[in-house]
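Chemist: turn this into a structure:
(2 chains)
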Amino acid sequence: MTGRGLYLTPRQAFAAIAVSLGVVLVALVVYLLFFANAGAGLITRGGAAKAKIQPLFVIDGPGTGTYPRFDRPMGAAFGLDGRIYVTDTGHNRVCVFSSTGAFLFEFGTFGVAKPLPGAKNTWSPGKLNYPVGIDVDESDNVYVASFRNDQIQVFTADGKPLRAFPDARKPTGKGSSGQDGQGIAVTDVAVRSGKVYATDTYQVFVFDTAGKLLQQFGKPGLGKSDLDHPNGIAVDESGNIYVSDSNHARVTAFAKDLSYRWGLGSPPAASAPATTAAGSAVFSLPRGIVTLDGGDVLVVDTFNFDLVRLTKDGKLVGRYGERGVEPGQFNFPNDVDASGNRLVVADKENNRVQVVEIVTD
Amino acid sequence: MVNRRIASALTVLVALTALSLIPGSAFGYSEGNVRTQCVDCHGSVSQPPSESTADTATVTGPHRGYSSTSRKCQTCHQVHVAASENLLPAATIVATCNVCHDGSGGGGVYGVLLARGITPDPNGMHRVETGATNVVPGGDPDTGLSATMTTLRGPGGMLTCTDCHTPHGQNVVAPFTGDRKRVASPISPNPKSSRLLSRDPGGTGKDIADYGSSWCLACHAGRATMNTPLKSNHPVATDTVAVYDSLIRMASDTMTGTTEIGSLGGSNRGYLMTTATLATLGAAGSGPICQQCHEDARNVDVVGAVGVGQLNALGTQADPATFTVTALDGWSETDNPRFQVFPHESVTPHFLVEENDHLCYGNCHKI
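Modeler: Residues are numbered from 1 along each chain as shown, chains lettered A, B, ... in the order given. Next up is the predicted model:
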């Protein structure tokens, strides 16, 4: 073969190989450091965008301890420093990860606050019973919906128990869905400007952060502001309240004064063909909900396996995500929180949480 | 030439190194927006019987209404890369059901007692999948002894949710009034519902129209041997005499000797066998239905009340004030039963409505 080409002396060739190997070595060191920084944890990085969801990383569990993997995590929230708090519902605990997904620590064990006659009260501060929703306040305290103990538990950012409310053994306000009508059957919490908003089976309770009941609203029924098993609540900076009215397959917005603002979606008809197809009905089973920077609202639609973005006035903006097991896909997602452009999604039936971004055109 | 080969090799090496740094994905198929109309092949599933009230949307949830214009199949089924058999998205049938039936979307089914510090009686559970069995007490129709069932639908041939329930809402028993009050309905005690109970429980090939003794006997066949020479079981009513939604019971929530035909569910009227009730049953040549002894644990008579241990003039002893289920599961401390989780788990052995001798002498038999 003749012609011009790249000709190297043996020494040059060996030098080139050495340089290349050096580059590879540096790359490997960087790669390892990346994961070394992540620490313990079951993490998968990145992946291709799917259905307008760009996966950043996936966390399958702490990767250590008695339960290295999650068991159907139903809630997720960002802390002020970008930490990720996950309610590992099946294991009755909260797992905490760094902003890059490194496992930091966990808190909470199983405890029964409302035993039946003959059973033992095993609750003490910090113990949980089917933790579901979770949120972090402006002081970085963590609020956990301890569903089957009918109470909200408050922890410091480092997992030290601060208080629990309402009293799970006393009626709350004008009545609630807690066991024996005491406490609240709380599925989700949202904390904003010194107030704690909590969803009960057919209503919403508002407390101050110390646990004093301030307001309650909502009731069973098919009226426009009635509720049926709401599983998500969020509050914007103006005090508007957004509720995922889950079993009514709609999202309802209330003003700061608790007056009805708007609703999107409608209860499923009994005899008409079910309209769960995207495009023919907005929601199938809205659950977790969060307000985004700029005022839009993002809702997890568990039965449509996606995220639904609305304006603060209730106009549909777009849908993101699809069903699946790959990074960026969801399987019965249950909750979402936002920190800037980053979203954390409790991907319940994939037994993981995902940190993702929405891909906009 | 040699140098070009070296350069090529270097290029390949760098490329492979770069590729190795990109995390891979295990699956390549995107399930997302599959537009396949399942009914094109699977047909439009027949609708369950009318559920009798305006609350049907809440009662039946997504388990009905499949048509050429709906896309409900994908709610519970995944066409490709499904996690388990039957194209279910979760790992097992139980896990799929628990997406909603963990209590957050309605009344809880399993785990309700444990959440209140009570370990269910080990002989008071219909375990599904994990820890389940296929050895059915009274499963042998000839001897009444336990027998292994080979038709159960769970993993490994064990019992699972779909052995009793048909989640598609087809081929279900006639709607009946049950104890469960799991919707905030103004209707008292509760709208009628089939509970999505299959007409073919256990996959034995039977076709049982109503929820009653025959429904239980589909699996526990040996419990129906009262008329054999052995007479080894307590007599139970056949479906032609009584079913859950239509049996002889007291006519009101206050103690009375008057009887009526009504549902066993929603009150304790059907559990208290008054003299008149027993006389009527005797005339019919029948016993009670299975569920009159095996249901949610309930305190039909009141320990410590005057007359305990003695039948009253009506043939029983009871506190009429605790008859009716008034609220959702576990909401009211005075409700009877306290929890409505039959036949999933119970605080009493064998799902007996009451334990010990109270079951016999408190409700039916004079000593």
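Chemist: from here on, just use CA atoms for contacts and neighbour counts.
Modeler: OK.
Chemist: what's the closest non-adjacent residue to the residue of the stretch 101-250 of chain B found nearest chain A?
Modeler: Relative to chain A, the nearest point of the stretch 101-250 of chain B is residue B:116 (4.4 Å; Cα to the nearest Cα). Spatial nearest neighbour of residue B:116, excluding adjacent residues (Cα to Cα, 6 or more residues apart in numbering or on different chains): residue A:115 at 4.4 Å.
Chemist: and the one you found, how many neighbours does it have?
Modeler: For residue A:115, the neighbour count with other Cα atoms under 10 Å in any protein chain shown is 20.
Chemist: let me know the pLDDT of it.
Modeler: Listed pLDDT for residue A:115 reads 87.
Chemist: against residue A:180, how distant is it?
Modeler: Distance of residue A:115 to residue A:180, given as Cα to Cα, to the nearest Å: 11 Å.
Chemist: one more: residue A:297?
Modeler: From residue A:297 to residue A:180 the distance is 35 Å (Cα to Cα).
Chemist: over to residue B:194?
Modeler: 27 Å.
Chemist: what of residue A:137?
Modeler: 30 Å.
Chemist: sorry, back to before: show me the residues around the residue nearest to residue B:116 that make contact.
Modeler: By Cα atoms under 8 Å, 6 or more residues apart in numbering or on different chains, residue A:115 lies in contact with A:121, B:115, B:116, B:117, B:118.
Chemist: could you find the closest non-adjacent residue to residue A:312?
Modeler: Closest to residue A:312 by Cα to Cα, 6+ apart is residue A:296, at 5.1 Å.
Chemist: okay, that neighbour and residue A:356: tell me how far apart.
Modeler: 17 Å.
Chemist: which of the two has more neighbours?
Modeler: The residue with more neighbours, out of residue A:296 and residue A:356, is residue A:356; 23 against 18, by other Cα under 10 Å.
Chemist: which parts of chain A are helices?
Modeler: Remark: helices assigned in chain A by DSSP state H are A:10-38.
Chemist: show me what contacts residue A:307?
Modeler: A:298, A:299, A:300, A:301, A:319, A:320, A:321.
Chemist: correct me if wrong: the second one contacts residue A:288.
Modeler: Yes: with contact defined as Cα atoms under 8 Å, residue A:299 reaches residue A:288; the gap is 5.9 Å.
Chemist: of these two, who's got more company?
Modeler: Ranked by neighbour count (other Cα under 10 Å), residue A:299 and residue A:288 place residue A:288 first, with 33 against 30.
Chemist: how are the helices of the stretch 51-200 of chain B distributed by residue range?
Modeler: Taking DSSP state H, counting those that start in this stretch, the helices of the stretch 51-200 of chain B run over residues B:56-60, B:73-76, B:93-97.
Chemist: what are the buried residues along stretch A:343-361?
Modeler: For stretch A:343-361, a neighbour-count test (16 or more other Cα atoms under 10 Å in any protein chain shown) marks A:343-358 as buried.
Chemist: and stretch A:308-323, by the same measure?
Modeler: Buried residues in stretch A:308-323 (16+ other Cα under 10 Å): A:308, A:309, A:310, A:311, A:312, A:314, A:319, A:320, A:321, A:322, A:323.
Chemist: which of the residues you listed fall in strands?
Modeler: A:308, A:309, A:310, A:319, A:320 (DSSP state E).
Chemist: nearest to chain B among these?
Modeler: With Cα to the nearest Cα as the yardstick, the closest approach to chain B among those comes from residue A:320, at 10.3 Å.
Chemist: how close does the closest one sit to residue A:328?
Modeler: 10 Å.
Chemist: residue A:137 and residue A:180: which is more packed in?
Modeler: residue A:180 (22 against 19).
Chemist: residue A:190 versus the more buried one, what's the distance?
Modeler: From residue A:180 to residue A:190 the distance is 25 Å (Cα to Cα).
Chemist: repeat that for residue A:114.
Modeler: Residue A:114 is 24 Å from residue A:190, by Cα to Cα.
Chemist: the more surrounded of these two?
Modeler: Neighbours were tallied for residue A:114 and for residue A:190 using other Cα under 10 Å; the higher tally belongs to residue A:190 (26 against 23).
Chemist: show me the contacts for the more buried one.
Modeler: Counted by Cα under 8 Å, 6+ apart, residue A:190 has contacts A:134, A:135, A:136, A:196, A:197, A:198, A:233, A:234, A:235.
Chemist: quick one: pLDDT of the first one?
Modeler: This means residue A:134. 98.
Chemist: which residue, neighbours along the chain excluded, lies closest to it?
Modeler: Leaving out its chain neighbours, the residue that sits closest to residue A:134 by Cα to Cα, 6+ apart is residue A:144, at 4.6 Å.
Chemist: any stretches of the stretch 101-250 of chain A with poor pLDDT?
Modeler: Scanning the stretch 101-250 of chain A for pLDDT under 70 picks out no residues.
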